[in-house]
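**Q** Need a 3D model of the sequence below.
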Amino acid sequence: MRSRGSTESPCISVFSIPQPVRNLAAVTSPLALLLYERLLPGSALGNKLRDEGYRILHVSDLATAVAVATKEKPLVAFVDLEWKTKDAATAIRALKETPITQHLPILAFSSPRHAELQEAALAAGATIIASDEAILAQLPAMLDQAMLVD
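**A** This next block holds a predicted model:
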């Protein structure tokens, strides 16, 4: 309603134009923690995860895995078992023993010739163990399997 002497037109409404939400993908897509030292298959796995709609957070220091996972709250973690000077099984065990990260599915991978690393990762609490080739070739199926609730 218009009062006497008002200059507003009763037929004009003011609407604000919605602004695009920046970084919407960062908010709506799941985060995968990717711990690797070897460029291949680590970077290839990161690319495949992006193709599947995941955001990637690369961690190159196993000692920070729990702190990063606690802060960033990823949906899943991928751990390369082949490190030159560090033990990936220790990082997996730390993730599984920390109450805030113990629910995290962990997919560990290495070349098939490292059966002892794979066994150590399984004993430490890894959800799935795969070869470098298998994790790349069967990623969607492995993600589905890892997300199953026990």
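**Q** Contacts only, for Phe109.
**A** Phe109 makes contacts with 41, 45, 78-81, 129-132, 134-135, as judged by Cβ atoms under 8 Å, 6 or more residues apart in numbering. C-beta coordinates here come from the backbone N, C-alpha and C atoms, glycine included.
**Q** Kindly state the pLDDT recorded for it?
**A** With respect to pLDDT, Phe109 has a value of 96.
**Q** Buried subset of the contacts of Phe109, written for PyMOL?
**A** Here is the PyMOL selection string for the buried members of those, based on 16 or more other Cβ atoms under 10 Å:
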select buried, resi 41+45+78+79+80+81+129+130+131+132+135
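**Q** Out of the contacts of Phe109, list just those in helices.
**A** 41, 45, 132, 134-135 (DSSP state H).
**Q** Quick check: which element contains the most centrally placed residue in the chain?
**A** Residue closest to the average C-alpha location in the chain (Cα atoms, centre = their mean): Ala32, at 0.7 Å. If you go by DSSP states H and E, Ala32 is part of strand 31-35.
**Q** Show me how far that strand is from its chain's centre.
**A** Here the centre of strand 31-35 is set off from its chain's centre by 3 Å, with Cα atoms, centre = their mean, to the nearest Å.
**Q** same deal with stretch 96-114?
**A** Relative to the centre of its chain, stretch 96-114 is centred 12 Å away, using Cα atoms, centre = their mean.
**Q** Pull it out as CSV, backbone CA atoms only.
**A** Extracted in CSV, the C-alpha atoms of stretch 96-114 (Å, rounded to 0.1, in the frame of the first residue of the first chain):
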residue,chain,number,x,y,z
LYS,A,96,41.8,-47.4,13.6
GLU,A,97,42.7,-46.8,17.3
THR,A,98,41.7,-43.2,17.4
PRO,A,99,38.0,-42.9,18.4
ILE,A,100,37.1,-40.1,16.0
THR,A,101,38.7,-41.9,12.9
GLN,A,102,38.1,-45.5,13.7
HIS,A,103,35.0,-45.7,11.5
LEU,A,104,36.9,-44.6,8.4
PRO,A,105,37.1,-47.3,5.7
ILE,A,106,40.7,-47.7,4.7
LEU,A,107,41.6,-49.1,1.3
ALA,A,108,45.3,-50.1,1.2
PHE,A,109,47.3,-50.9,-2.0
SER,A,110,50.7,-52.1,-3.1
SER,A,111,52.3,-54.2,-5.8
PRO,A,112,51.5,-57.9,-5.5
ARG,A,113,55.1,-58.7,-4.6
HIS,A,114,54.7,-57.0,-1.2
